[in-house]
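Colleague: sharing a model prediction with you, sequence too.
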Amino acid sequence: MTDPESHTAWRTSSHSGPNGGECVEVARTPDTTGVRDSKNPDGPHLTFPTTAWQAFLTTLR
């Protein structure tokens, strides 16, 4: 697992509503992608290998 501090550039999903409702934030490093709840930025997050995250996004499209 990657150190959470290595995910410093968190960005909110482009599909988030105007009120910052139920959405996720994503941060990338060269090897991993972190995903967290935007309403709880200091809480836990999930870390995926970048290749797995890209496969997930491809499946959604």
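Modeller: Structure received. Numbers count the residues shown, from 1 in each chain.
Colleague: what's the distance between the least confident helix or strand in the chain by mean pLDDT and the middle of its chain?
Modeller: In the chain, no helix or strand scores lower on mean pLDDT, DSSP states H and E than strand 11-12, which sits at a mean of 86. Centre-to-centre, strand 11-12 and its host chain are 8 Å apart (C-alpha atoms, centre = their mean, to the nearest Å).
Colleague: so what strands line up beside it?
Modeller: strand 24-28 (antiparallel) (DSSP bridges).
Colleague: buried residues in stretch 42-61?
Modeller: 45, 47-48, 53 (16 or more other C-beta atoms under 10 Å). C-beta coordinates here come from the backbone N, C-alpha and C atoms, glycine included.
Colleague: below-threshold pLDDT in this structure: ranges please.
Modeller: Applying pLDDT under 70 to the chain flags residues 1-8, 13-21.
Colleague: now the strands for it?
Modeller: According to DSSP state E, the chain carries its strands in the segments 11-12, 24-28, 32-37, 45-49.
Colleague: returning to what we had before: can you name the residues in contact with the least confident helix or strand of the chain?
Modeller: 20, 23-27, 38 (C-beta atoms under 8 Å, 6 or more residues apart in numbering).
Colleague: separate out the buried members of those.
Modeller: Among the contacts of strand 11-12, the ones that count as buried by 16+ other C-beta under 10 Å are 24-27, 38.
Colleague: could these be laid out in JSON lines, adding distance to Leu60?
Modeller: Putting the buried ones among the contacts of strand 11-12 into JSON lines (distance: C-beta to C-beta, whole Å) gives the following:
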{"residue": "Val24", "distance to Leu60": "13"}
{"residue": "Glu25", "distance to Leu60": "17"}
{"residue": "Val26", "distance to Leu60": "13"}
{"residue": "Ala27", "distance to Leu60": "19"}
{"residue": "Ser38", "distance to Leu60": "18"}
